[in-house]
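Colleague: What would the 3D arrangement of this be:
(chains A, B, C and D)
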There are 2 protein chains.
Amino acid sequence: MPRLPTRDQLQVWREFIETTEALRARLATRLQADSGLSPGDYAVLLALSEAPEHRLRPSVLAATISWERSRLSHHLGRMERRGLIRRERDVIAEEAGLTAFHAATFPHLSAVRELFVDVLTPEQLDALADVTRALRASARDGHGLD
Amino acid sequence: MPRLPTRDQLQVWREFIETTEALRARLATRLQADSGLSPGDYAVLLALSEAPEHRLRPSVLAATISWERSRLSHHLGRMERRGLIRRERDVIAEEAGLTAFHAATFPHLSAVRELFVDVLTPEQLDALADVTRALRASARDGHGLD
DNA sequence: AAGCTAGTGTTGACATGTCAACAACGGGAG
DNA sequence: CTCCCGTTGTTGACATGTCAACACTAGCTT
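Modeller: Sure thing, here's the model as predicted:
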């Protein structure tokens, strides 16, 4: 017999979700401005940049960044049209893709630092890691079956 | 001269974002299963259900749920096709919309409790509220200009 | 009244994401 | 070898979201 959250608890939830979303959006805007890459582009190029010869089978790439096959396929189509990658059997990073990725890395990590890490005290960051662990554990154990 | 996040800090960031996204997705799936509503539908219907006569001007509705006009307009078009709302000058909740909303409320709040509130200790919830406040304050002051 | 301007609402083009269907490939099992 | 069957990759339909352009309206101003 489930109880309902209190008003306060619900408010924490809503502000948590809204704040996270806003943070994600700000970082995406910055990334776009700094490099012309979307977060998805960045994730793909990060994985390729760390792979031998900057190439991976789509299935391996999908597993690496935890994307569904269909999502990846659609996204690769868009990236291919922009000349960031090309497809043989493997997905292969084009020069333009690697260049954009390298241009993106430093500003992106700086932004994470500026908008997230530096805004929190070390104690707050620890507490957040703790909360994240609890949520992940619950997702795995209690509701992985959803 | 911005420094970069440490490996640990970056990991906290990534797991934080991924966990939040997973949590949002699980709640959306539940909501859909319980009521056939998307989170967007739910937000619109919540605002309308609290308005006198269950009707609002689009601009007021947009302000209430913090959406851009265009986003709202597109979404209302989809909701109208499904018979959840209708449009005159005001956006007006249809019976079907209110019914679906009422069916959604209890299970949705229960799910928030189950997947979020009950997974955290009161101390963790307080700490999270604290972190959220810090992030919001930073967004408002430091980077509202972005 | 005529015109300016700010706010409002819609639209089209496009990016992103999910789901279901499909084709193609690659081993075993017989 | 041929038939299955699971994996893989793509595709189409659709939901969601942003941005820019547009039309429309409502006050003001003159």
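Colleague: Show me which positions of the longest helix seen in chain A end up buried.
Modeller: Criterion DSSP state H: the longest helix present in chain A is helix A:7-35. For helix A:7-35, burial by neighbour count (16 or more other Cβ atoms under 10 Å in any protein chain shown) applies to A:9-10, A:12-13, A:15-17, A:19-20, A:22-23, A:26-28, A:30-31, A:34-35. Just so you know, the C-beta spots here come from the backbone N, C-alpha and C atoms, and that holds for glycine as well.
Colleague: which regions of chain A lie under the pLDDT threshold?
Modeller: Chain A contains residues with pLDDT under 70 at A:1-2, A:142-146.
Colleague: Let me see the contact set for the residue in chain A positioned nearest to DNA strand C.
Modeller: In chain A, the residue that lies nearest DNA strand C is A:Ser38 (2.9 Å; Cβ to the nearest atom of the strand). Going by Cβ atoms under 8 Å, 6 or more residues apart in numbering or on different chains, A:Ser38 touches A:Ala28, A:Leu31, A:Gln32.
Colleague: separation between it and A:Thr29?
Modeller: Between A:Ser38 and A:Thr29 the distance is 10 Å, computed by Cβ to Cβ, to the nearest Å.
Colleague: now swap in A:Arg136 and tell me
Modeller: 27 Å.
Colleague: what's the answer for A:Pro5, then?
Modeller: Taking Cβ to Cβ, one finds A:Pro5 at 32 Å from A:Thr29.
Colleague: now, which of the contacts of A:Ser38 sits nearest A:Val131?
Modeller: A:Ala28 (23.1 Å; Cβ to Cβ).
Colleague: My read is that the closest one contacts A:Leu37, right?
Modeller: No. Assessed by Cβ atoms under 8 Å, A:Ala28 is found out of contact with A:Leu37, at 9.6 Å.
Colleague: The longest helix of chain A near DNA strand C at all?
Modeller: No. For helix A:7-35, no contact with DNA strand C is found by Cβ under 7 Å from any atom of the strand; the gap never falls below 8.3 Å.
Colleague: Can you tell me the element the closest residue to DNA strand D within chain A falls in?
Modeller: Residue nearest to DNA strand D within chain A (Cβ to the nearest atom of the strand): A:Ser59, separated by 2.6 Å. Following DSSP states H and E, the helix or strand that holds A:Ser59 is helix A:58-65.
Colleague: A:Val12 reaches B:Pro122, doesn't it?
Modeller: No. Using Cβ under 8 Å, A:Val12 makes no contact with B:Pro122, being 10.8 Å away.
Colleague: Check the secondary structure at the closest residue to A:Leu109 other than its chain neighbours for me.
Modeller: The shortest distance from A:Leu109 to any non-neighbouring residue, by Cβ to Cβ, 6 or more residues apart in numbering or on different chains, is to B:Leu4 (4.7 Å). Three-state call for B:Leu4 (DSSP: H, G, I helix; E, B strand; the rest coil): coil.
Colleague: Whichever strand or helix holds A:His108: which residues count as buried?
Modeller: Assigned by DSSP H and E, A:His108 belongs to helix A:95-115. Buried residues in helix A:95-115, counted by 16+ other Cβ under 10 Å: A:97-98, A:100-101, A:104-105, A:107-115.
Colleague: on that earlier part again, what is the longest helix of chain A packed up against?
Modeller: Helix A:7-35 sits against helix A:39-49, helix A:95-115, helix B:7-35, helix B:95-115, helix B:122-141, with contacts defined as 3 or more Cβ pairs under 8 Å, 6 or more residues apart in numbering or on different chains; DSSP states H and E.
Colleague: can you give me the angle the second one makes with helix A:39-49?
Modeller: Here helix A:95-115 points in a direction 120 degrees away from that of helix A:39-49 (axes from the mean of the first three to the mean of the last three Cα atoms, to 10 degrees).
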